[in-house]
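Participant: For reference, the sequence and a predicted model appear below.
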Amino acid sequence: MKLTLKPIAHAELPKKLLDEASRDPWVKSHLGEHKMPAPRMLILRGKTSVGFFTPKAYEGGLVLRPAFIYVLQKERRKGIAKEAVEQYLGKRGGLAYVNPKNETSTALFTSLGFNPVPDDEGRATPRWTREASK
Ligand SMILES: CC(C)(COP(=O)(O)OP(=O)(O)OC[C@H]1O[C@@H](n2cnc3c(N)ncnc32)[C@H](O)[C@@H]1OP(=O)(O)O)[C@@H](O)C(=O)NCCC(=O)NCCS
């Protein structure tokens with residue numbers, strides 16, 4: 001599958017995508033522009049918008065976090081999130097906050113080779129990381 005990642009402003013998110021994500025229990029509280037004025041990364045298959053996340057960079061860009069990733073329900077289980085995150089990270093390190101109650105998030109980051117940070121086990125939303133590749 002050939003996906004394209006396109007950085008956009010929050011206000012440019014396609015309405016259908018934002019409406020659906022705004023009903024999702026895991027991402028809805030992170031989508032208000034007032035709460036999260038960050039830019040978004042749109043995930044496109046051809047010209048069709050199929051998902052998005054909030055790109056965040058740490059350690060001067062050496063570690064990247066694809067926060068609050070969302071894929072349209074009818075497009076799930078096709079490898080879109082996995083391919084989008086792989087493309088976004090490239091060879092750089094990855095960081096994610098994974099709620100252990102969120103099965104899809106746990107499956108996604110496990111499949112991407114992320115591991116829980118040991119000292120975070122007691123936190124509601126532990127950090128998971130993936131090392132940069134050489
Ligand atoms: C999490 C989410 C982005 C995954 O998107 P997706 O495009 O369906 O994921 P993929 O198809 O790339 O799957 C990635 C891996 O997770 C697994 N997976 C995805 N959904 C799963 C599910 N419901 N149950 C079990 N495994 C699942 C896939 O099998 C795949 O693993 P594999 O490579 O070992 O086969 C999507 O389910 C979603 O938008 N969820 C709601 C929002 C959310 O919870 N976001 C996460 C953190 S805020």
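Facilitator: Received it, and whenever you're ready, just let me know what you need.
Participant: Give the full set of residues in contact with Y97.
Facilitator: Residues in contact with Y97 (C-beta atoms under 8 Å, 6 or more residues apart in numbering) are 65, 67, 125-128. Glycine gets a C-beta too; all of them are placed from N, C-alpha and C.
Participant: which of these are close to the ligand?
Facilitator: Among the contacts of Y97, no residue lies close to the ligand (C-beta under 6 Å from any ligand atom).
Participant: For my notes, please list these in TSV and give neighbour count and distance to S22 for each entry.
Facilitator: Putting the contacts of Y97 into TSV (neighbours: other C-beta atoms under 10 Å; distance: C-beta to C-beta, whole Å) gives the following:
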residue	neighbour count	distance to S22
R65	21	21
A67	18	16
T125	14	20
P126	17	26
R127	16	26
W128	21	25
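Participant: Now flag whichever of those residues is closest to the ligand.
Facilitator: Nearest to the ligand among the contacts of Y97: A67, at 7.2 Å, using C-beta to the nearest ligand atom.
Participant: and the closest one, what pLDDT?
Facilitator: On pLDDT, A67 comes in at 96.
Participant: what sits opposite it in the beta ladder?
Facilitator: Beta bridges link A67 to T54 when assigned by DSSP bridges.
Participant: That one and Y58 touch, don't they?
Facilitator: No. In this structure A67 lies outside contact range of Y58 using C-beta atoms under 8 Å: 11.2 Å.
Participant: where do the contact lists of those two overlap?
Facilitator: By C-beta under 8 Å, 6+ apart, no residue touches both A67 and Y58.
Participant: coming back round to it: so of the contacts of Y97, which ones are in strands?
Facilitator: 65, 67, 127-128 (DSSP state E).
Participant: What parts of the chain come near the ligand?
Facilitator: Counting by C-beta under 6 Å from any ligand atom, the chain sits next to the ligand at 24, 26-27, 68-71, 76-82, 102-105, 107-108, 111.
Participant: Could I get the average pLDDT for stretch 124-133?
Facilitator: 94.
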